[in-house]
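> whatever this is, show me its structure:
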Amino acid sequence: MSTTTNSPVIDSTEVTVLSDPAVAPPRTPPRRSPRAAAKALGHVSFVGAGPGDPGLLTVRAVDLLAGADVVVLDQGSREDLVARYGREGVEVVDAGAGDDGRPMARAARAKLVVKAAKAGGRVVRLMDGDPSTFTGLVEELSACRKAGIGFDVVPGVSAVTAVPAYAGVPMTTASTTSVHIVHPAGRTLDWAQHAATDATVLVLGGCDDLRAAAAGLLAAGRDGSTPVALTSQGTTTTQATVTTTLDQLGAAAAVAGDGVPTMAVIGDVVSLREQASWYETKSLFGWRVLVPRTKQQAGGVTQRLAEHGATAEVVPTISVEPPRTPQQMEKAVKGLVTGRYEWIGFTSVNAVRAVREKFTEYGLDARAFSGLKVAAVGGVTADALREWGIEPDLVPEEEQSATGLLQAWPPYDDVLDPINRVFLPRADIATDTLVAGLVENGWEVDDVTAYRTVRAAPPAAPVRDAIKSGAFDAVVFTSSSTVRNLVGIAGKPHPSTVVACIGPATAKTAEEHGLRVDVLAPEPSSDALVDALAAYGQGLRAAAVEAGEEPLRPSQRKSASRRRAR
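Numbers count the residues shown, from 1 in each chain. Sure, this is the predicted structure:
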């Protein structure tokens, strides 16, 4: 049986008109396979951010943050991790609080994660501590599964283990039979199961939860003299730990305050704190240190300060800008490539950066330095050259300054040196000491302005007030210009603030501006400067302990003195 061409052919999926060739058949959108639809969705990585110390982030977490398109933050503020490890332009979504300022419900946070993933791309759900411990992970995983979104989980360091460790309280000894981790969250619990005398009990929560834990354990028969360590803001430089007893836990919790991340460790293990404490006894623990330097140059200083327990606050005092007339720099770089120079001398990291940027502009790389002798004023500048793949031929071993470099620089020898010309890419305000000394030693010097240093804008009013009022415990000066510029844009630091200088010239400038220099680095390097400040802080701590007093930071001593004066 045949069909006529005037009738449409019908099957289970579509209708196609065959009768009139002049009429275009209706277009139907192509059906997307389930596999194609899945590809259009994003992927979520649930990543543990640790309890507070950014150094506790895992290597896998760092890798995922670096490639994330969207980062959904947890209740704790972790923008610092995104700023440090995230790529430029990454979208940050705050899942901590709603529009009303109240903590967001778990279901609402799950919706945010799903919404971010449906837009496509790679989503990192950054969760405080470890995702699998006292978080809304289950709800958010379920929401992703229901929406057909792929996910993985990256464990993090849990507050449960990290905070006691940072407080100097081991969770077990040879006599400990069990560790009980309790998160009451306002619920009524049976505390009898946690009351064994050979058990260590960790309680996480606010003031009411800790009071309930104390009352419950005492009622269940736990001895009121059982030692307790109460830690707030664990693993951060604002961490504070007090030791008390179980019958005094309620009062101690009230002092800590509600809304502050707090953990109580209850048990005989707390008696080991005096021997095991390591974090809160760091030489600069809790110090707020002012670093007047550009952010690009302050990385090593801030990291070194953090190793000693301090928090660094960078206040840029100068802005590094290109020279007003670049022709001189362009001519020198071309001369470097064509063999015009015997030496090139770098007196700062900024000079290295300026030459490197010019090389990039011309499509050159470190191979252009072949056959050229390279000098660096000090270790930091030498490291910047090594990062570029250049090993300097000359670095002064003793005084790392223009004077030290001049003393180490060999004089021109018309037999050994085929060329007598030196290229010095420097700042517009550089002194003439090095140039004059090289000329005296027989060299011809092209002293080229590679960059300009411009005084930065004044810091925000709260920072200026903190500088003048003594809220900073210390300030570290890495050059004379940082002294002059800081005083110029923000005023002199308070007399209670410890002043640390990188070398004699910087110290002299500080004294000329009316500052008392407390710390002088034994050698002109940032690491030596911070270590010298740490040694000074350790001396203050040791003196207080020897006198039977509580160690106080300089800003605290200033406040205490003011109260006594009243």
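> start and end of stretch 397-411, how far apart?
End-to-end distance for stretch 397-411, by Cα to Cα, to the nearest Å: 18 Å.
> gap between it and the chain center?
Distance, stretch centre to chain centre, for stretch 397-411: 34 Å (Cα atoms, centre = their mean, to the nearest Å).
> repeat for stretch 340-356
Mean-position distance between stretch 340-356 and its chain equals 29 Å (Cα atoms, centre = their mean).
> just the C-alphas of that stretch, formatted as PDB.
The C-alpha coordinates for stretch 340-356 follow below in PDB (Å, rounded to 0.1, in the frame of the first residue of the first chain):
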ATOM      1  CA  ARG A 340      78.300  48.100  24.400                       C
ATOM      2  CA  TYR A 341      78.800  47.200  28.100                       C
ATOM      3  CA  GLU A 342      81.200  45.100  30.200                       C
ATOM      4  CA  TRP A 343      79.100  45.400  33.300                       C
ATOM      5  CA  ILE A 344      75.500  46.000  34.400                       C
ATOM      6  CA  GLY A 345      74.900  46.800  38.000                       C
ATOM      7  CA  PHE A 346      71.600  46.400  39.800                       C
ATOM      8  CA  THR A 347      71.100  48.400  43.000                       C
ATOM      9  CA  SER A 348      67.500  47.300  43.700                       C
ATOM     10  CA  VAL A 349      64.800  44.800  42.900                       C
ATOM     11  CA  ASN A 350      62.900  47.700  41.200                       C
ATOM     12  CA  ALA A 351      65.800  48.100  38.800                       C
ATOM     13  CA  VAL A 352      65.700  44.400  38.000                       C
ATOM     14  CA  ARG A 353      62.000  44.600  37.400                       C
ATOM     15  CA  ALA A 354      62.400  47.700  35.200                       C
ATOM     16  CA  VAL A 355      65.000  46.100  32.900                       C
ATOM     17  CA  ARG A 356      63.000  42.900  32.800                       C
END
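> how about that stretch: buried residues?
Buried residues in stretch 340-356, counted by 16 or more other Cβ atoms under 10 Å: 341-356. Backbone N, C-alpha and C define where each C-beta goes, glycine included.
> what's around residue 52, how many residues?
For residue 52, the neighbour count with other Cβ atoms under 10 Å is 24.
> got the contact list for it?
Counting by Cβ atoms under 8 Å, 6 or more residues apart in numbering, residue 52 touches 76, 233, 234, 235, 236, 239, 261.
> with residue 306 instead?
Shown in contact with residue 306 (Cβ under 8 Å, 6+ apart): 55, 237, 312.
> just the buried residues of stretch 340-356: which are in helices?
Among these, DSSP state H puts 349, 350, 351, 352, 353, 354, 355, 356 in helices.
> any idea what sits nearest the first one, other than its immediate chain neighbours?
In this case it means residue 349. Distances taken as Cβ to Cβ, 6 or more residues apart in numbering place residue 384 nearest to residue 349, at 4.6 Å, with adjacent residues excluded.
> same question for the host helix or strand of that neighbour, mean pLDDT?
For residue 384, the host element (DSSP states H and E) is helix 379-387. Mean per-residue pLDDT for helix 379-387: 89.
> which strands or helices does it pack on?
In terms of contacts (3 or more Cβ pairs under 8 Å, 6 or more residues apart in numbering; DSSP states H and E), helix 379-387 is packed against strand 343-346, helix 349-362, strand 373-376.
> what angle do that helix and helix 349-362 make?
Using axes from the mean of the first three to the mean of the last three Cα atoms, to 10 degrees, the inter-axis angle of helix 379-387 relative to helix 349-362 is 20 degrees.
> which outside residues touch helix 379-387?
Defining contact as Cβ under 8 Å, 6+ apart, one finds that helix 379-387 is touched by 300, 346-349, 351-353, 374, 376, 391-392, 395, 400, 525-526.
> buried residues in whichever helix in the chain runs longest?
The longest helix of the chain (DSSP H) is helix 526-546. For helix 526-546, burial by neighbour count (16+ other Cβ under 10 Å) applies to 526-534, 536-538, 540-541.
> what residues does that helix touch?
Contact partners of helix 526-546, identified using Cβ under 8 Å, 6+ apart, comprise 281, 283-284, 287, 289, 300-301, 304-305, 308, 380, 474, 476, 478, 498, 500-502, 518-522, 550-552, 554.
> can you tell me which of the residues you listed are in strands?
If you go by DSSP state E, the contacts of helix 526-546 have 289, 474, 476, 498, 500, 501, 519, 520 in strands.
> shaky segments in the stretch 451-566 of the chain?
558-566 (pLDDT under 70).
> for the chain, same thing?
Along the chain, the parts satisfying pLDDT under 70 run over 1-40, 75-77, 257-260, 294-299, 558-566.
> quick one, domains of it?
42-157, 160-276, 288-317+457-565, 321-455 (automatic domain parsing).
> what about the last one, start to end distance?
Distance across domain 321-455, first residue to last, is 11 Å (Cα to Cα).
> switch to numbering from 19
Okay, using 19 as the starting number, the last item reads as domain 339-473.
> touching the helix or strand containing residue 99 from outside, list them.
Element membership for residue 99, per DSSP H and E: helix 97-103. Helix 97-103 is contacted by residues 67, 72, 75, 80, 83, 84, 89, 91, 108, 110, 144 when judged by Cβ under 8 Å, 6+ apart.
> just the ones in strands from those, please.
Mapping the contacts of helix 97-103 onto strands (DSSP E) picks out 89, 91, 110, 144.
> among these, who's most crowded?
Neighbour max across the ones in strands among the contacts of helix 97-103 (other Cβ under 10 Å) = residue 144, 31 neighbours.
> wait, doesn't that one sit right on residue 65?
Yes - counting by Cβ atoms under 8 Å, residue 65 is a contact partner of residue 144 at 5.4 Å.
> next up, phi/psi of residue 261, please.
phi -110, psi 140 (degrees, to the nearest 10).
> tell me, how many residues neighbour the nearest residue to it once chain neighbours are set aside?
Counting by Cβ to Cβ, 6+ apart, residue 247 is the residue found nearest to residue 261 once chain neighbours are left out, at 5.4 Å. The burial count assigned to residue 247 is 26, neighbours taken as other Cβ under 10 Å.
> please apply the same query to residue 77.
Residue 77, neighbours per other Cβ under 10 Å, totals 8.
> which ones are touching it?
For residue 77, counting by Cβ under 8 Å, 6+ apart, there are no contacting residues.
> mind putting the ones in strands among the contacts of helix 544-564 into JSON lines with neighbour count?
Output for those, formatted as JSON lines (neighbours: other Cβ atoms under 10 Å):
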{"residue": "307", "neighbour count": "26"}
{"residue": "492", "neighbour count": "27"}
{"residue": "494", "neighbour count": "29"}
{"residue": "516", "neighbour count": "24"}
{"residue": "518", "neighbour count": "25"}
{"residue": "519", "neighbour count": "29"}
{"residue": "537", "neighbour count": "22"}
{"residue": "538", "neighbour count": "17"}
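> and the residues you listed, which is closest to residue 439?
Closest approach to residue 439 among the ones in strands among the contacts of helix 544-564 (Cβ to Cβ): residue 519, at 35.4 Å.
> who does the closest one bridge with?
Beta-bridge partners for residue 519, by DSSP bridges, are residue 495, residue 538.
> and what of residue 170?
residue 63.
> I'd say it and residue 79 touch.
No - when contacts are counted by Cβ under 8 Å, residue 170 is not listed as touching residue 79 (11.8 Å).
> quick one: which of those two has more around it?
residue 79 (23 against 11).
> on that earlier part again, which two of the buried residues of helix 544-564 have the greatest separation?
544 and 559, at 22.7 Å, using Cβ to Cβ across these.
> so residue 111 touches residue 87, yeah?
No - the criterion here is Cβ under 8 Å, and residue 111 misses it with residue 87 at 11.1 Å.
> strands of the stretch 169-318 of the chain, residue ranges please.
196-200, 217-222, 245-250, 258-263, 280-284, 306-309 (DSSP state E, counting those that start in this stretch).
> rebuild the ones you listed as a markdown table, extending it with distance to residue 290.
Below are those laid out as a markdown table (distance: least, Cβ to Cβ, whole Å):
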| stretch | distance to residue 290 |
| --- | --- |
| strand 196-200 | 15 |
| strand 217-222 | 11 |
| strand 245-250 | 10 |
| strand 258-263 | 11 |
| strand 280-284 | 11 |
| strand 306-309 | 30 |
